[in-house]
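Participant: Okay, sequence plus prediction incoming.
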Amino acid sequence: MTMLSDPSRKYRPFPQVALQDRQWPSRTITAPPRWLSTDLRDGNQSIIDPMDAVKKNRFFDELVRIGIKEIEVGFPSAGATEFDFIQGLVRSGRIPDDVKVQVLTQSREDLIRTSFESLESAKQAIVHLYNAVSPAWRDIVFRMSKDEVREIALAGAKVMRDEASKRPDTDWHFQYSPETFSTAELDFSIEVCEAVMQVLAPTPEHPIILNLPATVEAATPNIYADQIEYFCRNLPNRDAAVISLHTHNDRGTGVAAAELGLMAGADRVEGCLFGNGERTGNCCLVTVALNMYTQGINPGLDFSDIDRTIETVEYCNELPVHQRHPYGGELVFTAFSGSHQDAIKKGFEANDQQNDEHWRVPYLPIDPADLGRDYEAVIRVNSQSGKGGFAWVLEQDQGLKLPKKMQADFSKHVQHMADELGRELNAADIWEAFKSAYYVQTDSKHFQLVYYDESRAPDGTRVFAGKIAVKGQEQSVSGRGNGLISSVVTTLEESFGLDLKVLDYSEHAMGSGRDARAAAYLMCQSGDRIIWGCGIDEDVATASVRAVLSAANGIVG
Ligand SMILES: CC(=O)SCCNC(=O)CCNC(=O)[C@H](O)C(C)(C)COP(=O)(O)OP(=O)(O)OC[C@H]1O[C@@H](n2cnc3c(N)ncnc32)[C@H](O)[C@@H]1OP(=O)(O)O
Ligand SMILES: CC(C)C(=O)C(=O)O
């Protein structure tokens, strides 16, 4: 056994934050934060093959297109690929005026200087300095005291200040991250940030960005929220700082931590699209933004063509977006199971009928159409599905609105097919099943309408006269009734001895305008059997004749 029976021998519970009067639990998010995408930095440093300039440029353009205004474009001192891409981007003139690019650097003099050089001639830019401050990193990585670790930050901040002052044509912004903030002593993080602020002298008009990372997510998200609230309440000169969140997803709650962190007073969120990033990834910006959207808040980011965004992300990261990923995954708006399909179908119908625009569709937290997703993908049919599922597919695909009782009849055919094939049934499968169950638009049937005429007899009854092919042999037939349908029923009775009593009839138009067709449905009794028929034709009367023949085929078939 490799898992411990007593894990407390190896792992300690995360301590509570000393914050008795926490305010964040009773706050709500009412406005979007500032968004920073670190796809091209944190995302890029964690994929198997880091992006080349072609991929980085494509990703950058997509980030701009969806409306991200702060983009961390790389780690310039990592090497020539990074440096040249950043210089190329800055010189290309492709950075919109309202977009700031950001670069990350360790707090080492040569690396900071290289970072500034990469941004030479930028109109505006953010230089992001970091060093780890928590005990494990102090003891193990740096082997330094608190004072020495604070000194790393201070020394770096001074180089930043000096490098910026050498390049007055660029509007410089500074960001500092006490890396490993989530596992550090809060008062020490505040102490280091305060020291950095003293060097860089931010003001409310030109604030510093203090980015507080959960470099490794180590506790429940309420703890991170406490840490953020504590930090915001105790940081001197809070007005001169933009508080930024940078959560990772080690415990699977990176998004929750960012949301609670915003309630705790933060102004900005860093993350990656679809949660790429170190280990289990960064907080997913798409999820945080669309969670807000579903609460009626415009996140300021546009995912109305989410598939295009996914395509770019998958191409550049060479990693798939998981099928179950919130909002973007291929299956997240799809219901296979019968009771979900039934509720969704009813929800769409109710939504169309209600007077206001508020979204109320069971099982769907967001309208897929808002993200450019097709309704057709919402309901897919397999052996777990019910009548709501195939009825939806037939309606979307063929325009057929089956009467409720006929859905129950057709259900047996679909279930049989699904069990036989042992796989998902697509729209073509369901249409095939329908055609063969009701002898619609197929040559392999007992009775086939060749042509007919309808006339009125002197006594007012209707006369049906025409040719019906029986197993391919055409026969002239005729019969009378009160209406067209009953005249066909009489014809079948008199010519072929069929026992057929019509119990119910309905019809509807399929489509509109010149191409409109009609569908007719017939519920009949023959002996003790209930038989359904369906006819489709350009002409509504002919559709009803076909429906009778469809039922007749059901009797003999
Ligand atoms: C949490 C994060 O995601 S932070 C971002 C991490 N991203 C990256 O590292 C990607 C880009 N990095 C790189 O290309 C390389 O690491 C480089 C070029 C920056 C530096 O490479 P190297 O000079 O070989 O150093 P290396 O990366 O191994 O860093 C280790 C050294 O830097 C020190 N160091 C680490 N972080 C920092 C920091 N933020 N500030 C100052 N020094 C630091 C370590 O203590 C160690 O020092 P030592 O050699 O005296 O023990
Ligand atoms: C550099 C910092 C912000 C980081 O990536 C982290 O701590 O995860």
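Facilitator: That came in fine, so what should we check first? Ligands and ions are numbered 1, 2, ... in the order given.
Participant: Get me the contact residues on the chain for ligand 2.
Facilitator: By the criterion of CB under 6 Å from any ligand atom, the positions of the chain lying close to ligand 2 are 42, 104, 130, 177, 179, 211, 213, 215, 246, 248. Yep, even glycine has a C-beta here, placed from its N, CA and C like the rest.
Participant: need the residues you listed in TSV with pLDDT and neighbour count, can you?
Facilitator: TSV is the format used below for the residues of the chain next to ligand 2 (pLDDT from 0 to 100; neighbours: other CB atoms under 10 Å):
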residue	pLDDT	neighbour count
Asp42	98	23
Leu104	98	25
Tyr130	98	22
Ser177	99	24
Glu179	98	24
Asn211	99	26
Pro213	98	24
Thr215	98	23
His246	99	27
His248	98	25
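Participant: Check the residues you listed and tell me the two furthest apart.
Facilitator: The most widely separated members of the residues of the chain next to ligand 2 are Leu104 and His248, with 15.2 Å between them, by CB to CB.
Participant: For the stretch 251-400 of the chain, which segments count as strands?
Facilitator: In the stretch 251-400 of the chain, the segments counted as strands under DSSP state E, counting those that start in this stretch are 268-271.
Participant: any low-confidence regions in it?
Facilitator: 376 (pLDDT under 70).
Participant: would you list every one of the helices in it?
Facilitator: Defined through DSSP state H, counting those that start in this stretch, the helices belonging to the stretch 251-400 of the chain, from first to last, are 254-263, 285-293, 306-317, 338-353, 387-398.
Participant: Residue numbers of the stretch 251-400 of the chain in contact with ligand 1?
Facilitator: Glu278.
Participant: low pLDDT regions in this protein?
Facilitator: 376.
Participant: how about the residues of the stretch 1-150 of the chain near ligand 1?
Facilitator: When proximity is defined as CB under 6 Å from any ligand atom, the stretch 1-150 of the chain approaches ligand 1 at 42, 45, 75, 77-78, 106-108, 111, 130-131, 141-142.
Participant: Can you add secondary structure and give these back as JSON lines?
Facilitator: Converted to JSON lines, these look like this (DSSP: H, G, I helix; E, B strand; the rest coil):
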{"residue": "Asp42", "secondary structure": "helix"}
{"residue": "Gln45", "secondary structure": "helix"}
{"residue": "Phe75", "secondary structure": "coil"}
{"residue": "Ser77", "secondary structure": "helix"}
{"residue": "Ala78", "secondary structure": "helix"}
{"residue": "Gln106", "secondary structure": "strand"}
{"residue": "Ser107", "secondary structure": "coil"}
{"residue": "Arg108", "secondary structure": "coil"}
{"residue": "Leu111", "secondary structure": "helix"}
{"residue": "Tyr130", "secondary structure": "strand"}
{"residue": "Asn131", "secondary structure": "strand"}
{"residue": "Val141", "secondary structure": "helix"}
{"residue": "Phe142", "secondary structure": "helix"}
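Participant: Specify which member of those is nearest to Ile344.
Facilitator: Taking CB to CB as the measure, Ile344 lies nearest Asp42 of these, at 36.9 Å.
Participant: which helix in this protein runs the most residues?
Facilitator: Longest helix in the chain by number of residues, with DSSP state H as the criterion: helix 146-165.
Participant: if you look at the helix or strand that comes right after it, does any of it touch ligand 1?
Facilitator: Following the chain from helix 146-165 toward its C-terminal end, the next helix or strand by DSSP states H and E is strand 171-179. Yes: Strand 171-179 reaches ligand 1 (CB under 6 Å from any ligand atom) through Glu179.
Participant: that older thread, of the helices of the stretch 251-400 of the chain, flag the one that's most buried.
Facilitator: helix 254-263 (a mean of 26; mean count of other CB atoms under 10 Å).
Participant: how distant is that helix from the center of its chain?
Facilitator: Helix 254-263 sits 19 Å away from the centroid of its parent chain (CA atoms, centre = their mean, to the nearest Å).
Participant: just stretch 475-490 next, same as before
Facilitator: 55 Å.
Participant: Give me the buried subset of the residues of the stretch 1-150 of the chain next to ligand 1.
Facilitator: A residue is treated as buried here by neighbour count (16 or more other CB atoms under 10 Å); on that basis the buried members of those are 42, 45, 75, 77-78, 106-108, 111, 130-131.
Participant: Looking at the residues of the chain next to ligand 2, which is nearest Lys123?
Facilitator: Among those, Leu104 lies closest to Lys123 (CB to CB), at 19.7 Å.
Participant: That closest one - that's part of a strand, no?
Facilitator: Yes: secondary structure assignment places Leu104 in a strand (three-state DSSP).
Participant: Looks like it contacts Ala125 (just checking).
Facilitator: No: distance between Leu104 and Ala125: 11.9 Å, which falls outside the contact criterion (CB atoms under 8 Å).
Participant: quick one, phi/psi of His508?
Facilitator: According to degrees, to the nearest 10, the main-chain angles of His508 amount to phi -150, psi 160.
Participant: so it touches Ala518, yeah?
Facilitator: Yes: with contact defined as CB under 8 Å, His508 reaches Ala518; the gap is 7.2 Å.
Participant: quick one: which of the two has more around it?
Facilitator: Taking other CB atoms under 10 Å, His508 and Ala518 do not tie; Ala518 has more neighbours (21 against 14).
Participant: so the more buried one sits right up against Val545, yeah?
Facilitator: No: if you go by CB under 8 Å, Ala518 and Val545 don't touch, sitting 11.3 Å apart.
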